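Visitor: Build me a model:
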Amino acid sequence: MNWAEQMKWRERVHQKYPEVWDLQIIRKRIPFILKFLKDGESVLEIGAFNRELGDRIKKYYPHIEYKSMDIDPTYSHDYVSLEEIKETFDVILLFEVIEHLNQEKGRELVRKIYDILKPEGRVILTTPNVYTPAQYWKDISHETPYHYEELGGLFLSEGFESIEMYRLYSEPFLRYCLKVYLFSPLFHLLGIDFTKSILLITRKG
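Guide: Residues are numbered from 1 along each chain as shown. The predicted structure follows:
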């Protein structure tokens, strides 16, 4: 995809969210995610690590069909590569995964996700917030920093029909209040942020 085409999709995101501070802050990830799931649905987590998230989801939705994929052999998973996945899912979860791929592989991942999602299927994804530099640079295995406009534009350009974007900040209540209500104007003035991740929710038409 050429630069002009990328800018067209980025502009669509920019029109909805002109600045990163226009993204609402979400404090607790799990309760927020649960609002987008339904009991009995099929869920795939890519980059699932120890599958802990699946256990937490099943406490609330015991009939969820949860499957996992991870290239790390430390834990047992249903899939160890994207190429193995032939079935389709209602929801696909990726938390702090896409930034570990280069730009080309990241686009390939998004295309694969689109292919294995059922109609009206949802993707819930997080990536480090590049406005909070330490969140991205603390991990040497990160390959691609995604500005929120770039991330949203990537999914729109591959056929996803709508996006919702948020900032994720799950800190103790006092620290949360200090940064959100007291120090936010200073961060805004400096052009940096304190939230750890960008959270994207998108749907397949």
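
Visitor: so Phe95 touches Leu168, yeah?
Guide: No. Using Cβ atoms under 8 Å, Phe95 is not in contact with Leu168, being 9.6 Å away. Using the backbone N, CA and C atoms, a C-beta is placed for each residue, glycine as well.

Visitor: Pull up the overlap in contacts between those two.
Guide: Common neighbours of Phe95 and Leu168, using Cβ atoms under 8 Å, 6 or more residues apart in numbering, are Thr126.

Visitor: Okay, helices next: where are they in this structure?
Guide: Along the chain, the segments classed as helices by DSSP state H run 3-16, 29-34, 52-60, 103-116, 133-137, 148-157, 173-177, 184-190.

Visitor: ranking the ones you listed by burial, who's on top?
Guide: Comparing the helices of the chain by mean neighbour count (mean count of other Cβ atoms under 10 Å), helix 148-157 ranks first with a mean of 22.

Visitor: So what touches stretch 177-189?
Guide: Residues outside stretch 177-189 that contact it (Cβ under 8 Å, 6+ apart) are Trp21, Ile25, Tyr169, Glu171, Asp193, Phe194.

Visitor: would you put the C-alpha positions of the helix or strand of the chain with the lowest mean pLDDT in PDB?
Guide: The weakest-scoring helix or strand in the chain, judged by mean pLDDT, DSSP states H and E, is helix 173-177 (a mean of 87). This file holds the C-alpha atoms of helix 173-177, laid out as PDB (Å, rounded to 0.1, in the frame of the first residue of the first chain):
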ATOM      1  CA  PHE A 173      -7.200   4.400  42.300                       C
ATOM      2  CA  LEU A 174      -5.200   7.200  43.800                       C
ATOM      3  CA  ARG A 175      -2.500   7.200  41.100                       C
ATOM      4  CA  TYR A 176      -5.300   7.000  38.500                       C
ATOM      5  CA  CYS A 177      -7.100  10.100  39.900                       C
END
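
Visitor: Could you give the separation of that helix from the chain centroid?
Guide: Taking Cα atoms, centre = their mean, to the nearest Å, one finds the center of helix 173-177 at 24 Å from the center of the full chain.

Visitor: Same question for stretch 140-151.
Guide: Centre to centre, stretch against its chain (Cα atoms, centre = their mean), the figure for stretch 140-151 is 11 Å.

Visitor: In space, what's closest to Tyr75 - neighbours in sequence excluded?
Guide: Asn50 (5.1 Å; Cβ to Cβ, 6 or more residues apart in numbering).

Visitor: can you name the farthest residue from the center of the protein?
Guide: In the chain, the residue that sits farthest from the middle, by Cα atoms, centre = their mean, is Leu182; the gap is 27.4 Å.

Visitor: Quick check: it vs Thr195, distance?
Guide: Distance of Leu182 to Thr195, given as Cβ to Cβ, to the nearest Å: 15 Å.

Visitor: give me every residue that touches Glu65.
Guide: Glu65 makes contact with Gly40, Glu41, Ser42, Val43, according to Cβ under 8 Å, 6+ apart.

Visitor: Can you name the residues bridging to it?
Guide: Per DSSP bridges, the residues bridged to Glu65 are Ser42.
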